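*Asks:* Just need the structure, nothing else, for what follows:
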Amino acid sequence: MSDETISDDMMTIDEMQEILDGLAEELPPIFYEELNGGILLLPEAHRSQYAQADDLWTLGEYRYSHTMGRYIVIFYGSFMKLFGHYDRERMIKELRKTLRHEFRHHMESLAGEDGLEKEDAAFIAKYLGGF
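*Replies:* From the prediction side, this is the model:
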């Protein structure tokens, strides 16, 4: 038996938005410098552009453009595909982990660093090596 906790009721997008708002409040105000677009929770599932099967979903993205600015997107549908069977506590843990991952992208972008981008690229290379 796996260590995952199973839940009979799925978290709604409204519930996730409320939790996401609370998780965002855990972070210090300095994290929000130049994050002019804030944090968006979108309803869709976002299949990774690198997916070789129906097995690689994007949970969140840090986005930056000269026209739209800097913002974080979290994909509700991707969370439901991967973690929809988790109980509330485990779902919050995964959501916190993803939000902080995207904030790390933001902070590194502001600092001119790319360590997390390299880590993400290594993950994708390892994934693609299995195909």
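*Asks:* ok, residues contacting stretch 46-66?
*Replies:* Identification of contacts with stretch 46-66 by Cβ atoms under 8 Å, 6 or more residues apart in numbering yields 37, 45, 70-75, 77-79, 81-82, 94, 98-99, 101-103, 105-106, 109, 124, 127-128, 131. Every C-beta, even on glycine, is put in place using the N, C-alpha and C of the backbone.
*Asks:* what helices or strands is the longest helix along the chain leaning on?
*Replies:* Using DSSP state H, we find that the single longest helix of the chain is helix 88-111. Here helix 88-111 touches helix 13-25, strand 60-65, strand 69-75, helix 76-83, helix 115-129, going by 3 or more Cβ pairs under 8 Å, 6 or more residues apart in numbering; DSSP states H and E.
*Asks:* Just the buried positions in the shortest one, please.
*Replies:* By neighbour count on 16 or more other Cβ atoms under 10 Å, the buried set for strand 60-65 is 60-63.
*Asks:* Relative to residue 41, which of these is nearest.
*Replies:* Within those, proximity to residue 41 (Cβ to Cβ) peaks at residue 60, which comes in at 9.6 Å.
*Asks:* per-residue pLDDT, the closest one?
*Replies:* We have a pLDDT of 98 for residue 60.
*Asks:* Identify the bridge partners of it.
*Replies:* On the basis of DSSP bridges, residue 60 is bridged to residue 74.
*Asks:* Show me the shaky parts of the protein.
*Replies:* Residue ranges of the chain with pLDDT under 70: 1-8, 131.
*Asks:* Can you tell me the centre-most residue of it?
*Replies:* In the chain, the centroid-proximal residue (Cα atoms, centre = their mean) is residue 60; its distance is 2.9 Å.
*Asks:* roughly how far apart are it and residue 40?
*Replies:* Distance, residue 60 to residue 40, using Cβ to Cβ, to the nearest Å: 10 Å.
*Asks:* Would you mind listing the residues touching both of these two?
*Replies:* 72-74.
*Asks:* hmm, back to that, among the buried residues of strand 60-65, pick out the one closest to residue 89, please.
*Replies:* Closest to residue 89, out of all of those and judged by Cβ to Cβ, is residue 60, at 19.4 Å.
*Asks:* Check the gap between the closest one and residue 130 for me.
*Replies:* Residue 60 is 23 Å from residue 130, by Cβ to Cβ.
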